[in-house]
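> okay, sequence plus prediction incoming.
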Amino acid sequence: FTGNYVQTSGEKAYGGAIFNQASSSGSATINISKGDFTGNYVQTSGEKAYGGAIFNQASSSGSATINISKGDFTGNYVQTSGEKAYGGAIYNGAISSNAPSYNAGAVITLGGNTFTGNYVQVGSTVTPNSIYNAGVINISNGATVTVNDGWQSFDDGTNAGQLIMGSGSTLNMNIANGTIQADSLGELTKNGTINATFDIDFTNNKADTISTSAVTLSDSSGTVTINGFNFINGTSGINANTKIQLLKTQAGGLQLALSAAAAAQLPTDEFVIGTTDDVTTYDSIAAATNWATDVYKKHLRSEERRVG
C-alpha cells in the first residue's frame, strides 16, 4: 500500500489506504497476511483528519476488525490546517460528536510490525506519531512491534483505548527522536516485554513520558526497560534538584528497569529519574536491573520515593 491518499477541503478525511467501518450490529473484517504501508496520507483544511494509512471504526454494537500478521508502516501522515489530526499511520476506535470516542468493537491485531517516520501535522506543527487508539489493539503471542515515533490513546476518565499484549510479545517504544513527547498506552494488559528509549532535556527539565490509564500484569513482570537515552542539549543542565519523569501510571505495578547499555549512558551528576503513580506513592525503580547500589543511591536518591 504505497502513496494512497484522501484529500478534502472543509470536510473530515479518513484512511489514506484503508477505510474499515462497522455500524449498528454489523461486522467488517480485513485480514492482511503481509503488507507494508508507505507514504499514505490524509489531508484536509479546516477539519479533522484521521488515520494516514488505516482508519478502523466501530459504531454502536458493530464489530470492525483488522488483522495484520506482518507489515511495516513508514512515512504515513495526517495533515490539517486548523483542526486536529489523529493517527499518523493508524486510527482505531469510533467518532462521536465530531471527535474521537471509545468503542471496544474496533479491534486491530498486530503480528509483527515496525512503525517509522509516521506523523501528524496541524498547521506547521509536526508531531511524531503512528497510532491513535480509541478501541482495542492486540499484539499477538510472540510478536514484536516496534514504534519509532509515537502512540496515543483515547482516555475520557471513564473509558480508554486498550492495549493487550499476548504471551511472549514485545513492544519496543523507541521514542528518542529529538522531540519531547508524551505518549499514552491507555489500559495496558501486559503479558510480554516493554522496552523504551527516551529523549531527556536537562536544560529545560523535560523528558519523553509514557503513561497508562490502568495496568493489568498477566506475566507478573511489571517492568519497562530503558534501553537508552538521547540527551538533548547534553547533560550540563543537571543539578541536585533535577527531576525527570519517564513513566506515569494510574495504578501500581509498573517499574522502570535499566539495561546495561542505558546505565553506561548515565552522567555522574546527581538527579532524580523515575515514575509517579497518580494514586499511590511507591518506589518505582526495579533496583536489581543494572541500578548498581552506588548509582541507585546517587542518581535516583531513592529516599525520594515520589518523583516527577
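Now that the structure is in, tell me what you want to look at. Keep in mind it's a predicted model, so treat the numbers as computed, not measured. Residues are numbered from 1 along each chain as shown.
> how near is residue 67 to residue 181?
Going from residue 67 to residue 181 by C-beta to C-beta, to the nearest Å gives 28 Å. From N, CA and C alone the C-beta is placed, and that goes for glycine too.
> between the two, who's got more neighbours?
Neighbour tally, residue 67 and residue 181, criterion other C-beta atoms under 10 Å: the higher count belongs to residue 181, 19 against 16.
> what's near enough to touch the more buried one?
Contacts for residue 181 (C-beta atoms under 8 Å, 6 or more residues apart in numbering) come out as 127-128, 150, 175, 199, 208.
> what about these, which are in strands?
127-128, 199 (DSSP state E).
> look at the nearest residue to residue 76 once chain neighbours are set aside and say how many residues are nearby.
Spatial nearest neighbour of residue 76, chain neighbours left out: residue 52 (3.7 Å); criterion: C-beta to C-beta, 6 or more residues apart in numbering. As a burial measure, residue 52 scores 38 neighbours (other C-beta under 10 Å).
> please apply the same query to residue 153.
Neighbour count for residue 153, taken as other C-beta under 10 Å: 27.
> for residue 289, see how far away the closest residue to it other than its chain neighbours is.
Leaving aside its sequence neighbours, residue 153 sits nearest to residue 186 (C-beta to C-beta, 6+ apart; 3.1 Å). Separation of residue 186 from residue 289 (C-beta to C-beta) stands at 25 Å.
> now the ones in strands among the contacts of residue 181 in CSV, with pLDDT?
Compiled in CSV, the ones in strands among the contacts of residue 181 are given as follows (pLDDT from 0 to 100):
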residue, pLDDT
127, 94
128, 95
199, 94
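> which among the residues you listed end up buried?
Among the ones in strands among the contacts of residue 181, those classed as buried by neighbour count (16 or more other C-beta atoms under 10 Å) are 128, 199.
> show me where the chain has helices.
Assigned by DSSP state H, the helices in the chain fall at 260-265, 293-300.
> list the contacts for residue 96?
Going by C-beta under 8 Å, 6+ apart, the list of residues near residue 96 is empty.
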